[in-house]
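1. Sequence and computational prediction follow.
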Amino acid sequence: HVLDDRKLYQPGETVHFKGWIRFIQEGPRGGVEGLGSKDRTVRFKVKDSVGNDLTSGLCTLNDAGGFDGA
């Protein structure tokens, strides 16, 4: 799940975002788990409303599996 702080940005403004990574196991005994305390990174890509690439990068996950960036 990823959240931003405003929903609409004007050209040239800095976008701030946060997200959390979870493992989801489906089925009757499934559940949701965090990533534990291992250091991990996620690769992200930002696209505009018509699919053009705007930027990309890496974020380091914290102990709760969360990340943020600008």
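-> That came in fine, so what should we check first? Residues are numbered from 1 along each chain as shown.
2. Quick one: low-confidence residue ranges for this structure.
-> 1-5, 35-39 (pLDDT under 70).
3. right, and K18 touches A64 too?
-> No - assessed by CB atoms under 8 Å, K18 is found out of contact with A64, at 11.2 Å. Where C-beta positions appear, they are placed from N, C-alpha and C, glycine not excepted.
4. Assign D63 to helix, strand or coil.
-> Three-state assignment for D63 (DSSP: H, G, I helix; E, B strand; the rest coil): coil.
5. If you tally nearby residues, what's the number for it?
-> 11 (other CB atoms under 10 Å).
6. what residues do K18 and A64 have in common as contacts?
-> Both K18 and A64 lack any common contact, where contact means CB atoms under 8 Å, 6 or more residues apart in numbering.
7. Need the residue closest to the centroid of this structure.
-> When CA atoms, centre = their mean is applied to the chain, the residue found nearest the centroid is G19 (3.8 Å).
8. quick one: that residue and P28, what's the gap?
-> 28 Å (CB to CB, to the nearest Å).
9. The residue nearest to the centre of the chain and R6: what is the separation?
-> Taken as CB to CB, the span from G19 to R6 is 16 Å.
10. Show me the helices in this structure, by range?
-> Under the criterion DSSP state H, the chain contains no helices.
11. Extract the C-alpha trace of stretch 21-35 and format it as CSV.
-> Presented in CSV, the C-alpha positions along stretch 21-35 are these (Å, rounded to 0.1, in the frame of the first residue of the first chain):
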residue,chain,number,x,y,z
ILE,A,21,5.6,-4.1,2.2
ARG,A,22,3.8,-7.2,3.5
PHE,A,23,3.6,-10.9,2.6
ILE,A,24,0.1,-12.1,2.1
GLN,A,25,-0.7,-15.8,2.3
GLU,A,26,-4.0,-16.7,0.8
GLY,A,27,-6.3,-19.6,1.8
PRO,A,28,-8.1,-20.7,5.0
ARG,A,29,-4.9,-20.5,7.1
GLY,A,30,-3.4,-17.5,5.4
GLY,A,31,-2.4,-14.3,6.9
VAL,A,32,-0.4,-11.1,6.6
GLU,A,33,3.2,-10.9,7.8
GLY,A,34,5.8,-8.2,8.0
LEU,A,35,9.3,-8.7,6.7
